[in-house]
Structures are given as structure tokens and as C-alpha cells.
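Asks: I need the structure of the sequence given here:
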Amino acid sequence: DALKNLTDLLSRTFTSQFVFPVLGEADPSSPEILIQLGQLWRHWLPTEALNSFIKGGYYMIEQKSRRLRLIALNTNLWIGTGTEDDPGGQWYWLETLMEKSSEKKATVISIEEGLSLIVYQSWMLYHQYIVFHFNQRRKVYLVGHVAPGFDERQGAPPRLTLAPEHNDRYLRLIQRYSDIITGQFFGHLHSDTFRLIYDNIGVPVSTIFLAPAVTPRRTSSGVNNPALRLYKVDTDTGQVRNYMQFYMDLAKSNEVGEANWSMEYNFTRYYGLEEVSPTELHELVQMFTSSDGMALFGRYWMANSVRSYNFTTNSAWTNSHYCAITQLEYTLYQNCLNTRVSAL
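Replies: Numbers count the residues shown, from 1 in each chain. Alright, predicted model coming up:
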């Protein structure tokens with residue numbers, strides 16, 4: 001009933017927009033439930049995407065005019081450690097999609113005789129030049145619930161959010177296809193943060209955006225006010241240009257008996273960024289650990305809990321967040337924590 005009520009609300013609110021549903025950790029995903037959810041969401045999902053969702057809770061939708069693919073993942077398949085290398089067949093499906101998305105297709109667009117042409121690639125055959133046009137590769141959004149890595153607010157012992165084998169396989173996938181991935185959007189932790197993925201020589205190549213939740217949560221790892229996020233993207237390239245973070249001060253709203261939403265911050269202005277890129281965010285997080293950048297970390301700290309916590313420059317928390325943002329593999333994350341603690 002809860003999912004049906006939410007679906008009805010979104011359908012009434014966004015009458016002229018598509019909604020792309022993604023399964024969360026608490027959502028049931030048995031074969032019977034997937035069929036029921038597929039029927040519930042069939043007005044949003046084309047036939048091919050609907051069939052894929054019913055099979056394993058994942059799907060792909062393509063905006064062909066802009067050569068942009070949205071790939072919705074079922075990260076529930078990767079949470080537990082089991083005997084299956086590819087639960088639900090999601091890895092084979094995803095890796096095949098990514099490989100096809102990265103291909104450049106050649107199409108013959110003209111044949112000219114006795115004419116010198118500057119082309120991408122040409123073959124001389126009986127004095128004819130065959131002109132090939134190579135289509136631009138597709139760009140990809142990856143959308144899911146549980147991102148790889150660690151909860152930046154959780155204490156010892158560190159625990160990966162995904163099963164280790166799936167965590168590492170996902171990171172390798174991003175490293176391989178980072179040039180076509182224009183956005184990764186996840187949640188789960190209820191906190192406002194991000195993750196950086198680096199290539200094998202330490203160059204930042206991709207960003208994972210982790211948005212805070214509409215539902216407030218108070219646990220041993222932290223609290224958050226309700227939040228909503230609006231991304232601004234380049235409609236030609238799919239690149240994220242900025243985002244606006246909105247929130248509801250739960251304590252004040254309870255005092256007045258009304259849900260009052262307001263804008264919390266504009267991302268690029270809040271952190272003084274020129275652009276939203278892996279390189280720019282890498283430089284930002286390096287500032288978190290410097291004496292000159294502690295004020296920036298304080299701003300991040302307040303945003304992380306959606307203003308549930310006050311400004312802080314606690315070095316222990318700085319280390320935890322820095323390592324969670326920059327090191328998404330178990331050994332590297334543990335080494336990062338140990339190195340930073342020993343440097344204090």
C-alpha cells in the first residue's frame with residue numbers, strides 16, 4: 001500500500017514528466033513482488049525496460065535524441081555475500097550494456113569519385129573515396145540505491161555497504177567506462193555526501209552523488225533532516241552542472257505544525273567551485289584535511305546531516321569522511337584511516 005500511495009502521489013505531481021523508480025534496500029524483490037511492482041509502474045517503463053525489471057529489478061531507458069542511457073540498478077542483488085557470481089544476471093546485463101554504449105558505429109554517408117576529402121577514416125577503392133561517419137558514443141547515467149564504499153558516519157569496524165566481490169567489480173567497471181559515464185546517483189545512507197573513483201594511477205575519473213533522504217533517520221551513525229535535491233544538467237552532454245539542495249527543518253516544522261521546505265544551498269556556490277567534475281571535487285576534499293580548508297569541512301559537515309549537526313572542525317571526523325570519500329576498497333580505506341590517525 002505504501003508503494004502504491006507513493007506511486008499515485010508522484011503520478012499526480014509529475015503529470016508530464018517521467019519517473020524512474022529504483023528499488024531500495026527495504027523494498028521486497030521476490031519474483032512475485034517484481035511482477036506486482038512492474039504492473040504498478042508500467043505507465044513509466046517502456047515494454048523492454050518493464051520486462052527487464054520483472055526479471056531482476058533492473059532496467060535501461062534510452063533518450064535516443066541525446067544518445068543518453070539511464071541504467072537503473074537493483075543493488076539489493078549485490079548486498080549479501082553468497083555463492084552466486086552474478087545474482088539475477090545483473091552483471092552480465094550491465095557489462096554488456098556498458099560495452100555496447102562505448103562502441104562507435106561507422107556509417108557510410110557518401111561516395112565521391114575523384115575528389116580529395118578530409119574524413120575520419122577512408123579507403124581508396126577503384127578511385128572512389130568512401131566516407132565513414134563515426135557516431136558519438138552513448139553517455140550513461142547509473143542510478144541505484146546502495147553505492148560502493150563505506151558509511152562515512154559509521155565507526156569501527158569498517159563495513160562495506162556492498163559485498164566485497166561486487167564492490168570491487170563495480171569500481172573496476174567505472175574505471176573502464178568512466179569516459180562515457182556522466183553521472184552516478186545513489187542514496188541509502190540518508191546523508192549528503194559524494195564519492196570519488198580514481199584510475200590506476202590516482203587520477204579522479206568519476207563522481208558518485210549520494211543524496212540525503214526525504215525520510216529522517218536517527219541511528220548510532222547519525223541523523224538527518226528531510227531533504228530533496230534538484231540537479232541541473234547539460235541537456236546536450238548529460239553532464240551535471242550544479243544542484244540545489246532543499247530541506248525541511250524538522251524541529252521547527254514540528255513547532256509550527258507545518259512542513260516548511262526551503263533551499264539549503266546551491267552546490268557550486270556553497271563550496272566555491274568552478275564546475276562539478278571529479279577533478280574539482282578531488283581538490284575540494286583535499287582541502288578538508290588542511291588547516292586552510294577546515295572551514296570548508298565545517299560547511300560539508302553541516303550539509304552531511306542536512307543541518308542536524310552544527311559546524312565542527314573535529315579532525316577525527318575529518319579523517320573518517322575524507323577516507324570514505326576517496327577510498328572505496330576495503331584495504332585502501334583501512335590504510336587511509338590508519339595513515340591519517342598516525343599523522344595526528
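Asks: can you count the residues close to D86?
Replies: Neighbour count for D86, taken as other CB atoms under 10 Å: 15. No exception for glycine: its C-beta is placed from N, CA and C like everyone else's.
Asks: phi, psi of it?
Replies: Main-chain dihedrals, D86, degrees, to the nearest 10: phi -140, psi 70.
Asks: now do the contacts for G144.
Replies: Listed by CB atoms under 8 Å, 6 or more residues apart in numbering, the contact set of G144 reads V22, A72, L73, N74, T75, F185, F186.
Asks: how close does it sit to R299?
Replies: If you measure G144 against R299 using CB to CB, to the nearest Å, the figure is 27 Å.
Asks: all helices for the stretch 201-344 of the chain, in order.
Replies: 250-256, 267-271, 278-288, 294-304, 315-326, 330-342 (DSSP state H, counting those that start in this stretch).
Asks: mean pLDDT, distance to M60 and mean neighbour count added to those helices, as TSV?
Replies: Shown next, in TSV, are the helices of the stretch 201-344 of the chain (pLDDT from 0 to 100; distance: least, CB to CB, whole Å; neighbours: other CB atoms under 10 Å):
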stretch	mean pLDDT	distance to M60	mean neighbour count
helix 250-256	93	36	11
helix 267-271	97	27	16
helix 278-288	97	24	17
helix 294-304	92	32	19
helix 315-326	88	28	20
helix 330-342	85	30	14
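Asks: out of these, which is closest to R195?
Replies: R195 lies closest to helix 315-326 among the helices of the stretch 201-344 of the chain, at 5.9 Å (CB to CB).
Asks: by contact count, what packs against the closest one?
Replies: Applying 3 or more CB pairs under 8 Å, 6 or more residues apart in numbering; DSSP states H and E, one finds that helix 315-326 contacts strand 193-198, helix 278-288, helix 294-304, helix 330-342.
Asks: so G222 touches S305, yeah?
Replies: Yes - G222 is within contact range of S305, at 5.9 Å (criterion: CB atoms under 8 Å).
Asks: overlap in contacts, these two.
Replies: Joint contacts of G222 and S305 (CB under 8 Å, 6+ apart) are S191.
Asks: helix or strand with the lowest mean pLDDT in the chain?
Replies: strand 122-125 (a mean of 36; mean pLDDT, DSSP states H and E).
Asks: residues contacting E275?
Replies: Counted by CB under 8 Å, 6+ apart, E275 has contacts R241, T268.
Asks: that one and T47: what is the separation?
Replies: Using CB to CB, we find E275 at a distance of 38 Å from T47.
Asks: out of the contacts of G144, which two sit at the greatest distance?
Replies: So, the contacts of G144 by CB to CB: farthest apart are N74 and F185, at 14.7 Å.
Asks: so the chain: which segments form each domain?
Replies: 2-100+137-243+271-342, 103-134 (automatic domain parsing).
Asks: from G183, how far off is V276?
Replies: Remark: distance between V276 and G183 (CB to CB) = 10 Å.
Asks: quick check: end-to-end length of stretch 75-93?
Replies: Stretch 75-93 has an end-to-end distance of 14 Å (CA to CA, to the nearest Å).
Asks: now it: buried residues?
Replies: The neighbour-count check on stretch 75-93 (16 or more other CB atoms under 10 Å) flags T75, N76, L77, W78, I79, P87, G88, Q90, W91, W93 as buried.
Asks: next, the contact list for the fifth one, please.
Replies: For I79, the set of contacting residues under the criterion of CB under 8 Å, 6+ apart consists of E25, V146, T161, L162, A163.
Asks: between those residues, which is closest to I201?
Replies: Nearest member of the contacts of I79 to I201, counting by CB to CB, is L162, at 24.4 Å.
Asks: what sits closest to H321 if chain neighbours are left out?
Replies: Spatial nearest neighbour of H321, excluding adjacent residues (CB to CB, 6 or more residues apart in numbering): E152 at 4.6 Å.
Asks: just to be sure, that neighbour is in a helix?
Replies: No - according to DSSP: H, G, I helix; E, B strand; the rest coil, E152 belongs to no helix; its state is coil.
Asks: how many residues are close by it?
Replies: 20.
Asks: measure it to N338 for me?
Replies: From E152 to N338 the distance is 16 Å (CB to CB).
Asks: over to L50?
Replies: L50 is 48 Å from N338, where distance means CB to CB.
Asks: re the thing from before, pipe the contacts of G144 into a markdown table and attach pLDDT and secondary structure per row.
Replies: Shown next, in a markdown table, are these (pLDDT from 0 to 100; DSSP: H, G, I helix; E, B strand; the rest coil):
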| residue | pLDDT | secondary structure |
| --- | --- | --- |
| V22 | 96 | coil |
| A72 | 98 | strand |
| L73 | 98 | coil |
| N74 | 97 | coil |
| T75 | 97 | helix |
| F185 | 98 | strand |
| F186 | 98 | strand |
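Asks: now, which of these sits nearest N266?
Replies: F185 (18.2 Å).
Asks: and the nearest residue to the closest one once chain neighbours are set aside, bridged to which residues?
Replies: Spatially, and ignoring its direct neighbours in sequence, F185 is nearest to V143 (4.9 Å; CB to CB, 6+ apart). The residues listed as beta-bridge partners of V143 by DSSP bridges are A72, F185.
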